[in-house]
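A.B. asks: got a predicted structure here, sequence first:
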Amino acid sequence: EAQVTQNPRYLITVTGKKLTVTCSQNMNHEYMSWYRQDPGLGLRQIYYSMNVEVTDKGDVPEGYKVSRKEKRNFPLILESPSPNQTSLYFCASSQSWGQPQHFGDGTRLSIL
Amino acid sequence: SQKIEQNSEALNIQEGKTATLTCNYTNYSPAYLQWYRQDPGRGPVFLLLIRENEKEKRKERLKVTFDTTLKQSLFHITASQPADSATYLCAPTKDGQNFVFGPGTRLSVLP
């Protein structure tokens, strides 16, 4: 089954404790992306990757890092999480840029 | 900077009627426009993509129009059903730029 898998689905942690949210897709897609969704602000792009070793900033990249060492994986790293990064995060992938995206089920992060 | 507006935050209609959702954009010229459906707590699901040289696209009960002069897309759901209740997001897309979604319209189809 074609899917985008995010882990963990839920996480409560404390300010400053580094965390990684993993994202994996099994569709051999070139394009992958991370979004955060907040009430009243909608879905905003954090980082995206056109292909392996190619990443670029979205609209809200501050406080986040990404890497794309393999085609299937695109982890999101919060080096020093802060409460304003409490949000619902989605990973997505598509065949190439601009094509329909497949989204994961989301990761709900709470930073205390 | 580019701006995307979707007609209303919430739209209520009676079952069986046609729902019409609006997506307006300013300050850029997208090559195509995508529509997604999102249920509470779930990731968006792709519905339709329409290109700038296409006036209309259909898929079952769904129809999308794209007017590059008005900078507007209309999304229609005919013979609406309670199961169509969800938030609908538009995403006008331009090559080489990061992906931007509209704020969404929450549709409620009342039985």
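C.D. replies: Now that the structure is in, tell me what you want to look at.
A.B. asks: CA only for contacts and neighbour counts going forward, please
C.D. replies: Noted.
A.B. asks: list of residues touching the strand ranked longest in chain A?
C.D. replies: Using DSSP state E, we find that the single longest strand of chain A is strand A:42-51. Contact partners of strand A:42-51, identified using CA atoms under 8 Å, 6 or more residues apart in numbering or on different chains, comprise A:30-37, A:55-61, A:64, A:66, A:68, A:71, A:96-97, B:98-104.
A.B. asks: next one: the residue located most distally from the centre of chain B from chain A, what distance?
C.D. replies: For chain B, the C-alpha farthest from the mean C-alpha position belongs to residue B:111; by CA atoms, centre = their mean, that distance is 22.4 Å. Distance of residue B:111 to chain A, computed by CA to the nearest CA, to the nearest Å: 27 Å.
A.B. asks: quick check: that residue touching residue B:82?
C.D. replies: Yes. The criterion here is CA atoms under 8 Å, and residue B:111 meets it with residue B:82 at 6.3 Å.
A.B. asks: and for those two, which residues touch both?
C.D. replies: residue B:15.
A.B. asks: residues of chain A that sit close to chain B?
C.D. replies: A:40-45, A:48, A:57-59, A:90, A:97-98, A:100-106 (CA under 8 Å from any CA of the partner chain).
A.B. asks: just the ones of these in strands?
C.D. replies: Per DSSP E, strands hold the following members of the residues of chain A next to chain B: A:42-45, A:48, A:57, A:90, A:102-103.
A.B. asks: which pair of these spans the longest distance?
C.D. replies: A:57 and A:102 (19.5 Å; CA to CA).
A.B. asks: more neighbours, these two?
C.D. replies: Each of residue A:57 and residue A:102 has its neighbours counted (other CA atoms under 10 Å in any protein chain shown); residue A:102 has more, 22 against 18.
A.B. asks: so who does that one touch?
C.D. replies: A:3-4, A:92-94, B:44-46.
A.B. asks: quick one: pLDDT of it?
C.D. replies: At residue A:102, the model reports a pLDDT of 96.
A.B. asks: with residue A:96 instead?
C.D. replies: pLDDT, residue A:96: 88.
A.B. asks: any idea what residue A:103 is bridged to?
C.D. replies: residue A:92 (DSSP bridges).
A.B. asks: neighbours of residue 74, how many?
C.D. replies: No chain specified, so I'll use chain A. Neighbour tally, residue A:74, other CA under 10 Å: 29.
A.B. asks: the intended chain is chain B.
C.D. replies: 19.
A.B. asks: what about it, which helix or strand?
C.D. replies: strand B:72-77 (DSSP states H and E).
A.B. asks: that strand pairs with which strands?
C.D. replies: Strand B:72-77 is paired, per DSSP bridges, with strand B:19-26 (antiparallel), strand B:62-67 (antiparallel).
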